[in-house]
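Asks: have a look at this fold, sequence not included:
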C-alpha cells in the first residue's frame, strides 16, 4: 500500500526474546540472521565468535556449533511456517546471511518448517537457497527501480 514490501524477518517468534536491530523484541531476524546466529553461539558456546568462525567449527564437527546451527534452523523454520500460513507460497528463497551455510542448513530449515507448518501445507513449501550473491542482489534491486512504474 505504501511502496514497501513485507518484512517477514520482523514477525515475533519469541515474545520476551532478544532485542532486534529495529528496536522490536523477539523478531525472527534477531534469531535467524548471521547476527542472530552469533548471539546464539555466544549463549551456547560461551564466547563471541563470528558467523564464519561458527560455520568453520560446524564443518569440523564441533558439537556446540552444530547445536547453534540446529537452533538457528529451528527458529527460521518456525518463522517460515508462520509466513507460509499467511502467504501460501510455493517456496522460500533464502539469500545472504546464514543461507551461506549451504545444503545441510537448508535441509534443517525445511525439516523445521514442516514440523511447524499448517498441516495442509506440509511437504508443499520448498526452502531454496538463492544463487544470487548478496552483492548482485543489491545491484539487481537498485536496477529494478529503473523499471518501476512509481515516480
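Replies: Nice, thanks for sending it over. Just so it is clear, the model here is predicted, and its values are computed rather than measured.
Asks: need the pLDDT of the spatially most central residue of the chain.
Replies: Within the chain, the residue whose C-alpha comes closest to the C-alpha centroid is residue 32; the distance, by CA atoms, centre = their mean, is 4.4 Å. Reported pLDDT at residue 32 in the predicted model: 95.
Asks: for residue 119, see how far away it is.
Replies: Applying CB to CB, to the nearest Å, the value for residue 32 to residue 119 is 23 Å. Any C-beta I mention is one placed from the backbone N, CA and C, and that applies to glycine too.
Asks: for stretch 117-131, buried residues please.
Replies: Of the residues in stretch 117-131, those buried by neighbour count under the rule 16 or more other CB atoms under 10 Å are 117, 125, 127, 129.
Asks: partners of the last one in the sheet?
Replies: Meaning residue 129. Taking DSSP bridges as the rule, residue 129 bridges to residue 94.
Asks: wait, it touches residue 93, no?
Replies: Yes - at 7.3 Å, residue 129 and residue 93 qualify as touching, with contact defined as CB atoms under 8 Å.
Asks: so the residue lying closest to residue 101 once chain neighbours are set aside versus residue 43, what's the distance?
Replies: Spatial nearest neighbour of residue 101, excluding adjacent residues (CB to CB, 6 or more residues apart in numbering): residue 55 at 5.9 Å. For residue 55, the distance to residue 43 (CB to CB) stands at 17 Å.
Asks: how about the contacts made by the residue nearest to the centre of the chain?
Replies: Contacts for residue 32 (CB atoms under 8 Å, 6 or more residues apart in numbering) come out as 9, 72, 75-76, 79, 98.
Asks: wait, what's in contact with the residue lying closest to it once chain neighbours are set aside?
Replies: By the measure of CB to CB, 6+ apart, the closest residue to residue 32 outside its immediate chain neighbours is residue 76, 3.8 Å from it. For residue 76, the contact set (CB under 8 Å, 6+ apart) comprises 28, 31-32, 94, 98, 109, 112.
Asks: try 10 Å this time
Replies: Contacts of residue 76 were listed using CB atoms under 10 Å, 6 or more residues apart in numbering, and they are 9, 13, 28, 31-33, 36-37, 92, 94, 97-99, 105-106, 108-110, 112-113, 127.
Asks: am I right that it is in a strand?
Replies: No - the secondary structure assignment for residue 76 gives helix rather than a strand, going by DSSP: H, G, I helix; E, B strand; the rest coil.
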